[in-house]
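Asks: Requesting a structural model of the entry that follows:
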Amino acid sequence: MSFFSTILEKIGIKKKAETVAKPVASKPAAHRPVTVSKTPQPASAAKPATVKPAASAGVPDRAAEYMKDKSTPWGAAPVAVPVVDVVSKLEKLAASNSEKLNWKVSIVDLLKLLDIDSSLDARKELANELGCPIEFMGDSAKMNTWLHKNVLQKIAENGGNIPRELLD
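Replies: Predicted coordinates:
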């Protein structure tokens, strides 16, 4: 399990791949093979060729059978992604914690509040996982600031309800 997945799990958000339903494709039109019968006609008669559905020509309509199969993606119902109120969850955790943790501005406090390793090595691991720019990795203050902002952004992308002022 990745470091960030642990954060999502502690907040009550499952991994994105587990919570998001595959997009439901619109049902394709039930196309049937067609049989074109051309009858020789004089050049003066400008009638188009007659097109008959194959089912009426004795060919089974497999598209209709396929569409009835509920195991196809078209038979699956869309699943709503639940939105988790992250702020209220974290505020409840903070209220019950003996330390005064300012999770809204500190990645260390956020990790402590979630009972996750907040050591420099752990934060560097998380920063690498999330793609922190290399120039921030040597300066723990810059890395922590980048990390806090990006962790909150990623939580929001995965279904966490994070207020705009914490994302800016």
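Asks: looking at the protein, which helix or strand is least sure?
Replies: In the chain, the helix or strand scored least confidently by mean pLDDT, DSSP states H and E is helix 16-19, which has a mean of 43.
Asks: any idea which helix is longest in this protein?
Replies: Longest among the helix segments of the chain by residue count, using DSSP state H, is helix 140-157.
Asks: Please export the C-alpha coordinates of the helix or strand following that one as PDB.
Replies: Next along the chain after helix 140-157, taking DSSP states H and E as the criterion, comes helix 164-167. Extracted C-alpha coordinates of helix 164-167, given in PDB (Å, rounded to 0.1, in the frame of the first residue of the first chain):
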ATOM      1  CA  ARG A 164     -11.100  26.200  -1.400                       C
ATOM      2  CA  GLU A 165      -9.100  28.400   1.100                       C
ATOM      3  CA  LEU A 166      -7.100  25.300   2.100                       C
ATOM      4  CA  LEU A 167      -6.300  24.500  -1.500                       C
END
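Asks: Which residues does helix 164-167 contact?
Replies: By C-beta atoms under 8 Å, 6 or more residues apart in numbering, the residues outside helix 164-167 that reach it are 104, 149, 152, 153, 156. Where C-beta positions appear, they are placed from N, C-alpha and C, glycine not excepted.
Asks: what about the chain, any weak spots by pLDDT?
Replies: 15-82 (pLDDT under 70).
Asks: pretty sure residue 143 is touching residue 130, no?
Replies: No. Residue 143 is not in contact with residue 130 according to C-beta atoms under 8 Å; the separation is 10.6 Å.
Asks: neighbour-wise, which of the two wins?
Replies: residue 143 (21 against 16; other C-beta atoms under 10 Å).
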